[in-house]
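> sequence and predicted structure are below.
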Amino acid sequence: MVDPATHRAIDAVWRIESARLIAGMTRIVRDVSVAEDLAQDALVAALEQWPQSGIPDNPGAWLMAAARHRGIDELRRRVTLQRKQELIGRDLQTLALLDQTDLAAQVDDIKDDVLRLVFMTCHPVLSENARVALTLRLLGGLSTPEIARAFLVSEGTVAQRIVRAKRTLAEAQVPFEMPGRDELADRVSAVLEVIYLVFNEGYAATAGEHWIRPALCGEALRMGRILTALMPGEPEVHGLLALLELQASRLRARVTPGGEPVRLADQDRARWDHLLVQRGLAALQRAEQLSGGLGPYTLQAAIAACHARARSIDETDWPRIVALYDALAALTGSPVVELNRAVAVTMAFGAEAGLELLTSLADEPVLRDYHLLPSVRGDFLVRLGRLTEAREQFLHAADLCDNARERELLLSRAAACDT
Amino acid sequence: MRFMVLVPGSPDSEAGVMPSLEILEAMTKYNEELVKAGVLLAADGLHPTSKGAKVRFDGGARKVIDGPFTEAKELVAGYWIWECASREEAIEWLKRAPFDGGVEIELREIFDPEAFGEQLTPELREANERLREQTGTSS
């Protein structure tokens, strides 16, 4: 029985070292699944030995050496037991790789190893769910139960996603290497998409009792920060980080102590996290300096920055936000962006202009069951004093909304139209 | 969880002497590690206390005391702000810092009860419990 303090200390070491350890082992054995097993074995060895020996001075190197030794022992045992020739062949190969590797020579390449690992866990052969689960597990160092909890699915489901993802990577023979120059842009955006998905699930949960799950936002932020250090020359990586830092800066003002959402217009801006605002603005500046034309994340960050710089909703530079949404809409063609643009147009030029834009969006299939469309329309109608129509829109929005807390807010807005 | 790491002053920092190239290199490398791990949020070094001042409060009276201040042990020469999942993680990072010579570096959690929403703290705690359970059963 390991005492809780030592256990927490080992957890901390794991959080710091696991991505580098798994990445380093993947490079040696060339199979992410085997690498993770060996890394887990090393963790088990640490849990056995560190409570007596204390945490070593260089825990990362210790874990790496332990993973290698465990691997060699395990494979030797299996090779002796196995009958099937082809399996022996594969194990012998892994064994040889482990045996021959000079661990000391590995250390300098670790930064690239982690980046290769990220490109692997976010590889396009994997489904969206699989990418998210595998990235949180291998880069974020989260356990299967933690991931399951974060996404409100069962542990079995997550475990299965991870097993399948690893199998898919092996079957597709996805190499542990940096993407080529011609595919780099696409692969980088696949990575950013995963980080953004994780953040968004925390920032505006699509399901469940809580509207925000800050722990998930925290993980996405951490991964975003890691990525900017791994790919300092990629403007959109800084753009995404800027967006996440700026959005996260509002987290504590976005919910009441009771857990109800607070709209941007009603937020107490003094409660925004100004350290994160500063970090977000600095990341945005780096993205803009690196970039020829601004990418979608940088544009969204630039919009968030307009809010971050404004002391109130009325002092916000809405015409600039409209211009940024114009650029974003041209780039993405997304109806959701058009919806946001309509909000900015209302704020800049009045609700009549905004309502007109919504009319043209009503037929968009993507928006048909999207609760924010009637919710936004309701908001515009309130501004125009058309309360009866507004009430109907809020009720309709509440019907479409899957999040309990957000639905309550919509119902209360509908009720407010009666008075 | 956010932490502040307070780096104490020394006769050198008070005299405005820049650290040696060797120390600067080690510190830069360490800071890079912190950035790469997504841990470092902010860091600043402070000018010597000769450029600082104290204000003493006594009833309605305010007395300004110009630097330098004498009790060098109590002086702060710089700080880091870190984002870590736990106190243990912050300690683990601090242990890797390139300090020497018996210097003691203070680590303090930044008090921010509302930062991540009170209603979620039990959830986080539970997630950590599960991690412990899981690693426990696998050992």
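Thanks, I have the structure now. Numbering: from 1, shown residues only, chains lettered A, B, ... in the order given.
> how does chain A divide into domains?
A:179-303, A:369-419 (automatic domain parsing).
> with mean pLDDT and distance to B:L21 added, can I get these in a markdown table?
All C-beta spots, glycine's among them, are computed from the backbone N, C-alpha and C. Below are the domains of chain A laid out as a markdown table (pLDDT from 0 to 100; distance: least, CB to CB, whole Å):
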| stretch | mean pLDDT | distance to B:L21 |
| --- | --- | --- |
| domain A:179-303 | 90 | 23 |
| domain A:369-419 | 92 | 55 |
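> output those as a markdown table; include the columns distance to A:W62 and mean neighbour count.
Below are these laid out as a markdown table (distance: least, CB to CB, whole Å; neighbours: other CB atoms under 10 Å in any protein chain shown):
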| stretch | distance to A:W62 | mean neighbour count |
| --- | --- | --- |
| domain A:179-303 | 22 | 20 |
| domain A:369-419 | 45 | 18 |
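> can I get those in TSV including distance to A:D37?
Formatted as TSV, the domains of chain A follow (distance: least, CB to CB, whole Å):
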stretch	distance to A:D37
domain A:179-303	23
domain A:369-419	37
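> so which of the ones you listed comes closest to chain B?
Minimum separation from chain B across those (CB to the nearest CB) falls at domain A:179-303, 3.4 Å.
> what about the closest one, start to end distance?
Using CA to CA, to the nearest Å, the end-to-end distance of domain A:179-303 comes to 31 Å.
> and that domain, how far from the chain's centre?
9 Å (CA atoms, centre = their mean, to the nearest Å).
> got the domains of chain A as CSV, with distance to chain B columns?
Formatted as CSV, the domains of chain A follow (distance: least, CB to the nearest CB, whole Å):
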stretch, distance to chain B
domain A:179-303, 3
domain A:369-419, 10
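> which stretch among those comes nearest A:R15?
domain A:179-303 (9.5 Å; CB to CB).
> sorry, back to before: select, out of the domains of chain A, the one closest to A:V118.
Using CB to CB, the nearest of the domains of chain A to A:V118 is domain A:179-303, at 5.7 Å.
> just the strands in chain B please.
B:2-8, B:40-45, B:53-58, B:61-66, B:76-83, B:106-109 (DSSP state E).
> helices or strands up against the fourth one?
Right, strand B:61-66. strand B:53-58 (3 or more CB pairs under 8 Å, 6 or more residues apart in numbering or on different chains; DSSP states H and E).
> in its sheet, what does the strand it packs on sit against?
Strand B:53-58 has its sheet partners listed here by DSSP bridges as strand B:61-66 (antiparallel).
> so what's the residue count around A:M120?
For A:M120, the count of nearby residues is 24 (other CB atoms under 10 Å in any protein chain shown).
> A:M178 is in contact with that one, correct?
No. Shown here, A:M120 and A:M178 do not form a contact pair, counting by CB atoms under 8 Å, at 10.5 Å.
> quick one: low-confidence residue ranges for chain B.
B:72-73, B:113-139 (pLDDT under 70).
> make it 90
B:8-20, B:23-24, B:48-49, B:67-77, B:100-103, B:111-139 (pLDDT under 90).
> list the contacts of the spatially closest residue to A:A283 that is not a sequence neighbour.
Using CB to CB, 6 or more residues apart in numbering or on different chains and skipping residues adjacent in sequence, the residue nearest A:A283 is A:A242, 3.7 Å away. Residues counted as contacts of A:A242 (CB atoms under 8 Å, 6 or more residues apart in numbering or on different chains) are A:280-284, A:286-287, A:297-298, A:301, A:304-305.
> many thanks, we can stop here.
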